[in-house]
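[1] dropping the sequence and predicted coords here.
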Amino acid sequence: MNVHFIAIGGSAMHNLAIALHKKAYNISGSDDEIFDPAKTRLEKLGLLPTSMGWFPEKIHDKLDAIILGMHAKADNPELLKAREMGLKIYSYPEYLYEQSKDKVRVVIGGSHGKTTITAMVLHVLRCSGIESDYMVGAQLEGFDVMVKLSENARFMVIEGDEYLTSALDRRPKFHVYQPDIALISGIAWDHVNVFPTFENYLEQFRIFAKMVPEKGSLIYCEEDENVVQVIKSANADVLLFPYKTPDYLINRGITSIDVSGKRMALKIFGHHNMQNLEGARLICESIGVDKEMFYNSIRTFGGASKRLELVAANQTCSVFKDFAHSPSKLKATIQAVNEQFPERHLIACMELHTYSSLNINFLEEYKHTMDLANTAVIYYSNHALELKRLSLLSVDDVSKAFGKNDLLVFNDIEILEKFLLSQTWKNTNLLMMSSGNFENLNLKQLSENILS
């Protein structure tokens with residue numbers, strides 16, 4: 001098979017390219033810019049384009065498929081030529097479905113928790129010796145790629161993102177996968193550039209719930225009122241499996257749960273992670289993993305990349321980074337660190353980076369989300385606002401939106417770094433939260449300097 005990727009450098013796209021390369025497909029691709037880790041990983045396998053840019057001459061009639069990344073625009077020169085030639089063009093999620101249409105598809109959706117739940121399921125399946133194809137939105141320990149496609153695996157486990165499919169297809173990605181087993185973890189308004197009202201956003205999950213087929217399984221968090229509302233849209237003959245947060249204890253910084261009358265220590269912590277664990281358990285049981293095997297496996301799960309990931313620590317200070325960017329994720333992550341280390345002062349720093357978070361009309365959704373932080377810090381860059389073609393924000397705009405009187409707001413990364421280095425870090429934790437990278441702040445070096 002000859003497959004060409006338009007915008008091969010994307011996080012998801014380059015992983016799919018690698019997965020198909022491992023299936024012995026002939027892969028070509030283009031992009032206008034590619035950054036690490038995608039650049040190094042593609043180069044190592046001989047898949048990195050020799051020149052950056054778009055080259056219509058790469059499009060020819062020997063191609064079996066063209067995969068269009070979300071980064072590519074509708075007027076992309078390669079895309080225009082492919083359409084002119086009548087070649088088969090797939091979006092990223094369409095091609096994943098094409099590769100898994102004869103498998104049992106497990107699709108994990110929700111505004112938060114879906115990456116972690118997917119990671120938990122994959123960890124348990126690997127420990128249980130159950131082969132599975134997958135797509136997950138983070139790098140996982142023990143997995144060399146974020147996408148795996150094979151001929152033999154019976155199951156395909158997919159993280160079901162609700163963002164748009166491609167420049168040509170305005171459907172949310174998770175509408176494309178057609179789940180046999182589906183999970184909805186939680187619903188909180190996000191992606192306001194695509195879903196301008198909460199009701200419009202909610203409707204996407206109603207559609208997803210309706211897609212579960214007769215005798216299919218729909219697993220859902222019964223503690224989320226929005227999820228419970230959405231579940232009512234499911235077909236009458238769908239098998240429903242609700243879950244809620246199990247009881248857990250925290251002792252000397254270690255979280256444990258009760259398993260058959262015995263305490264079992266976990267590597268992960270936080271209310272939402274305990275909730276995620278129950279969702280993952282029900283998915284694994286629906287695949288054929290019994291409770292004993294699930295718990296034996298999950299106790300060694302250390303989390304997904306950038307999901308409450310420990311960067312560095314000593315006896316009195318820990319530095320964490322987290323992908324939290326939406327209001328619900330922000331509040332839950334701060335609560336988790338506070339709950340795990342109640343005796344420590346918490347400095348929580350969040351970067352406004354997404355279109356939603358930088359939109360003044362959405363900022364009010366963040367009110368009181370950082371109240372549990374002892375020292376709450378917000379960072380944003382004017383450059384990010386310019387790239388997203390949004391109106392400039394003032395420090396007062398941000399402070400008012402969060403509703404915390406002592407909130408600190410920075411829009412110069414050097415000043416933020418100096419502030420952090422000037423703090424006293426004994427019995428103090430640092431939590432850095434963003435879907436970006438704080439203007440390429442070297443968090444590892446910063447952590448070393450803080451701990452020293």
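    Noted; the coordinates are in hand.
[2] quick one: contacts of stretch 130-142?
    The contact list for stretch 130-142, computed with Cβ atoms under 8 Å, 6 or more residues apart in numbering, reads 11-12, 15-16, 96, 99-100, 103, 114-115, 118-119, 122-123, 125-126, 143, 146-150, 152-159, 161, 287-289, 302, 304-307, 323. Heads up, the C-betas are built off the backbone N, CA and C, glycines and all.
[3] now swap in stretch 254-274 and tell me
    The contact list for stretch 254-274, computed with Cβ under 8 Å, 6+ apart, reads 112-113, 116, 245-250, 277, 295, 298-303, 308, 332-333, 335-337, 339-340.
[4] mind giving me the PyMOL command for buried ones among these?
    Here the buried members of those are turned into a PyMOL selection, burial being counted by 16 or more other Cβ atoms under 10 Å:
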select buried, resi 112+113+116+248+277+295+298+299+301+303+308+332+333+335+336+337+340
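[5] what packs against the strand or helix carrying V3?
    Using DSSP states H and E, V3 maps to strand 2-6. Strand 2-6 sits against helix 11-22, strand 26-30, strand 65-68, helix 77-85, with contacts defined as 3 or more Cβ pairs under 8 Å, 6 or more residues apart in numbering; DSSP states H and E.
[6] hey, which helix or strand in the chain has the poorest pLDDT?
    Ranked by mean pLDDT, DSSP states H and E, the weakest helix or strand in the chain is helix 382-387, scoring a mean of 86.
[7] contact partners of that one?
    Residues from elsewhere that reach helix 382-387 (Cβ under 8 Å, 6+ apart): 352-353, 358, 391-393, 411, 436, 439.
[8] export that helix as PDB, just CAs?
    Extracted in PDB, the C-alpha atoms of helix 382-387 (Å, rounded to 0.1, in the frame of the first residue of the first chain):
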ATOM      1  CA  ASN A 382       0.400  38.200  23.500                       C
ATOM      2  CA  HIS A 383       2.000  36.200  20.700                       C
ATOM      3  CA  ALA A 384      -0.400  33.300  21.300                       C
ATOM      4  CA  LEU A 385      -3.300  35.800  21.100                       C
ATOM      5  CA  GLU A 386      -2.000  37.100  17.800                       C
ATOM      6  CA  LEU A 387      -1.600  33.700  16.300                       C
END
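[9] CA atoms only: put whichever helix or strand comes after it into PDB for me.
    Following helix 382-387 in sequence order, the next helix or strand is helix 395-402 (DSSP H and E). Extracted C-alpha coordinates of helix 395-402, given in PDB (Å, rounded to 0.1, in the frame of the first residue of the first chain):
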ATOM      1  CA  VAL A 395      -4.200  41.600  33.500                       C
ATOM      2  CA  ASP A 396      -7.500  42.900  34.900                       C
ATOM      3  CA  ASP A 397      -9.500  40.900  32.400                       C
ATOM      4  CA  VAL A 398      -7.800  37.700  33.600                       C
ATOM      5  CA  SER A 399      -8.000  38.500  37.300                       C
ATOM      6  CA  LYS A 400     -11.600  39.400  37.100                       C
ATOM      7  CA  ALA A 401     -12.500  36.200  35.300                       C
ATOM      8  CA  PHE A 402     -10.900  33.900  37.800                       C
END
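[10] which residues are in contact with helix 395-402?
    The contact list for helix 395-402 (Cβ under 8 Å, 6+ apart) reads 352, 360, 363-364, 366-370, 376, 378, 380, 407, 409, 411.
[11] same thing but 10 Å
    The contact list for helix 395-402, computed with Cβ atoms under 10 Å, 6 or more residues apart in numbering, reads 327, 330, 350, 352, 357-358, 360, 362-371, 376, 378-380, 391, 393-394, 405-411.
[12] same question, stretch 71-86
    Contacts with stretch 71-86, where a contact means Cβ under 10 Å, 6+ apart, come from 4-11, 13, 29-33, 53-61, 63, 66, 68-69, 87-89, 166-168.
[13] what average pLDDT does the helix or strand harbouring L183 get?
    Using DSSP H and E, L183 sits in strand 181-184. Across strand 181-184, pLDDT averages out at 98.
[14] just stretch 287-299 next, same as before
    The model assigns stretch 287-299 a mean pLDDT of 95.
[15] for stretch 389-396, same thing?
    Mean predicted confidence for stretch 389-396 is 89.
[16] now do the end-to-end distance for it.
    End-to-end span of stretch 389-396 (Cα to Cα, to the nearest Å): 20 Å.
[17] coming back round to it: which strands or helices does the helix or strand just after the strand holding L183 pack on?
    Once strand 181-184 ends, the next helix or strand along the chain (criterion: DSSP H and E) is helix 198-210. Applying 3 or more Cβ pairs under 10 Å, 6 or more residues apart in numbering; DSSP states H and E, one finds that helix 198-210 makes contact with strand 104-109, strand 181-184, strand 217-221, helix 225-231.
[18] nearest to V238, of the ones you listed?
    For V238, the closest of the helices and strands packed on helix 198-210 is strand 217-221, at 5.1 Å, according to Cβ to Cβ.
[19] tell me the angle that closest one makes with helix 198-210.
    Orientation of strand 217-221 against helix 198-210 (axes from the mean of the first three to the mean of the last three Cα atoms, to 10 degrees) gives an angle of 140 degrees.
[20] in what element of secondary structure is L282 found?
    Counting by DSSP H and E, L282 is part of helix 271-287.
[21] got it, and N338?
    Using DSSP H and E, N338 falls in helix 327-340.
[22] again, but for M264
    Following DSSP H and E, one finds M264 within strand 262-266.
[23] flag every buried residue along that strand.
    By 16+ other Cβ under 10 Å, the buried positions in strand 262-266 come out as L266.
[24] could you please name the strands that strand pairs with and the direction of each pair?
    As defined by DSSP bridges, the strand partners of strand 262-266 come to strand 254-259 (antiparallel).
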